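Asks: what would the 3D arrangement of this be:
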Amino acid sequence: MVFSESVASHRQQQQSKRTAFRWSSVGPAILLTATSVGAGDILTGSLAGAHGGLAVLWAVPAGVLLKWTLTEGIARWQMATGTTLLEGWVNRLGGWIQWVFFPYLLLFTFVTSGMLASACGVAAAAIVPLGDQQQSRLTWAAVHSLAGLALVRLGGYALLKRLLAVCVGAMFGTVLLTAFLLAPDWAAVGRGFVPSLAPGVTGWVVGLMGAIGGTMALISYGYWIREEGRSGPEGLRACRADLVLSYAVIGIFGVAVVIIGSNVRVRGQGTGLALLLAEQLANALGPPGKWLFLVGFWAAVFSAMLGVWQSLPYLFSDFLSLRRGAGARRAESMERSIPYRTYLACMATVPLLLVRWPVEQLQSAFGLTGAMLLPLLALTLLLMNNRESWVGRGFRAGLGLNVILAAALLFFTFVGGREIVQLIGFQTGAR
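Replies: Model prediction:
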């Protein structure tokens, strides 16, 4: 009897460990997915589908492959050296890079936080209006921003990976269902995965590749895997599994959004475009189509807000630690630090000043700031992960990964740079 109870207890403990391992293994994937997919992906994808049709679909898997390679490179460096990418930049490339990255971090934080708060306000105001449209958007933006502050401050990483699992599920399910209900031409969908650059769609291809999978979330991933205590070759294998899961969801989501955009008449800019898109879906699918999309849109932007609120203070805290020469710190100790909490509070309050800005300007600024980071990531990973004296022979990047990074560096430097210059010139002329 005692023996059987002991065996049962042992089995229960083993089952508990296996369940804990499975949950732990998807935690970073959930946060990466939630943080990477937001209003920018939905709006860029739907507009790309509306302007370029299904011919731009190939840019989604191309962007996913690029972001997987970049994030795998960040994880590779961390598993090999035990240091985050930011620590690697400072220790191996020199302190100057801090003063390139730090102003970018501040700019990205300010613009992205304002854009996400505004997007949450738009989504919530469409579902539960509070007075006139402008006042409702401002009120809901402040409510979501402060709610995000409270959830991150009180729950931290452990709570968010559970909460965001629900948001990611709602976001993914509703957007995917909407795409299927529109009954697209599946043969044309298949042809859309053949790479092509039709006249007038190059900018949308660049935008899709840049938007899909996020930008700063790639660097934040290093802090989430530190929360899980990963290291060495086994840690890298776990990270690759994470990234396959995360980017598979992101890729399917991106394809669904392009299909939606190609099947409805969508024109315009800004998060208000989501409301126009919802109305067009109501015409195509009936009222349920509108509400399905609005719920998915809200889940996407609120989960992105929570992920950004939780992750960017890591970078600020890490920056200050490096300035003081304190070295690496575990992520959970950062969450309890004064710099982390101060930056979090500022993120949730100061960017609310931007909520009154036209959403078109916020979205444009968000896209430009995000696009500036990708060439820097590709270049530094090529330099750092190919030095055997830095990462060891077992962690050196292979030929395939290096080719993708080099192609991304050239593409975003020349083609992406040209599109950004044209966009700035167009907006300047428009004003």
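
Asks: from T342, how far out is V350?
Replies: As judged by Cβ to Cβ, to the nearest Å, V350 and T342 stand 11 Å apart. Where C-beta positions appear, they are placed from N, C-alpha and C, glycine not excepted.

Asks: next: F108.
Replies: F108 sits 18 Å away from T342 when distances are taken as Cβ to Cβ.

Asks: comparing these two, which shows the higher neighbour count?
Replies: Neighbour comparison, F108 and T342: the larger count goes to F108, with 22 against 14 (by other Cβ atoms under 10 Å).

Asks: let me know the pLDDT of the more buried one.
Replies: Looking at F108, its pLDDT stands at 84.

Asks: quick check, it in contact with M216.
Replies: Yes - contact criterion Cβ atoms under 8 Å: F108 and M216 qualify, at 5.8 Å.

Asks: pull the contacting residues for F412.
Replies: Neighbouring residues of F412 by Cβ atoms under 8 Å, 6 or more residues apart in numbering: 206, 210, 371, 374-375, 378.

Asks: what's the answer for V56, then?
Replies: Listed by Cβ under 8 Å, 6+ apart, the contact set of V56 reads 48-49, 192, 201, 204-205, 208, 258.

Asks: now A304
Replies: Contact partners of A304, counting by Cβ under 8 Å, 6+ apart, are 34-39, 116.

Asks: can you list the buried residues in stretch 230-248?
Replies: By neighbour count on 16 or more other Cβ atoms under 10 Å, the buried set for stretch 230-248 is 230, 235-236, 238-239, 242-243, 245-247.

Asks: I meant stretch 149-164, not that one.
Replies: Neighbour count says stretch 149-164 has 149, 151-153, 156-157, 160-161, 163-164 buried, by 16+ other Cβ under 10 Å.

Asks: how about stretch 95-112?
Replies: Under the neighbour-count criterion of 16+ other Cβ under 10 Å, stretch 95-112 has 97-98, 101-102, 105, 108-112 buried.

Asks: what segments of the stretch 251-400 of the chain are helices?
Replies: Applying DSSP state H, counting those that start in this stretch to the stretch 251-400 of the chain gives helices spanning 272-285, 287-324, 331-335, 338-349, 359-371, 373-384, 388-391, 399-410.

Asks: closest to I74 out of the ones you listed?
Replies: helix 373-384 (7.1 Å; Cβ to Cβ).

Asks: re the thing from before, narrow the buried residues of stretch 95-112 to those in helices?
Replies: 97-98, 101-102, 105, 108-112 (DSSP state H).

Asks: show me the shaky parts of the protein.
Replies: 1-25, 39-40, 199-200, 265-273, 325-333, 357-371, 415-431 (pLDDT under 70).

Asks: near L379, how many other residues are there?
Replies: For L379, using other Cβ under 10 Å, the count is 15.

Asks: with adjacent residues omitted, what lies nearest to it?
Replies: With sequence-adjacent residues excluded and distances taken as Cβ to Cβ, 6 or more residues apart in numbering, L379 is closest to L409, at 5.7 Å.
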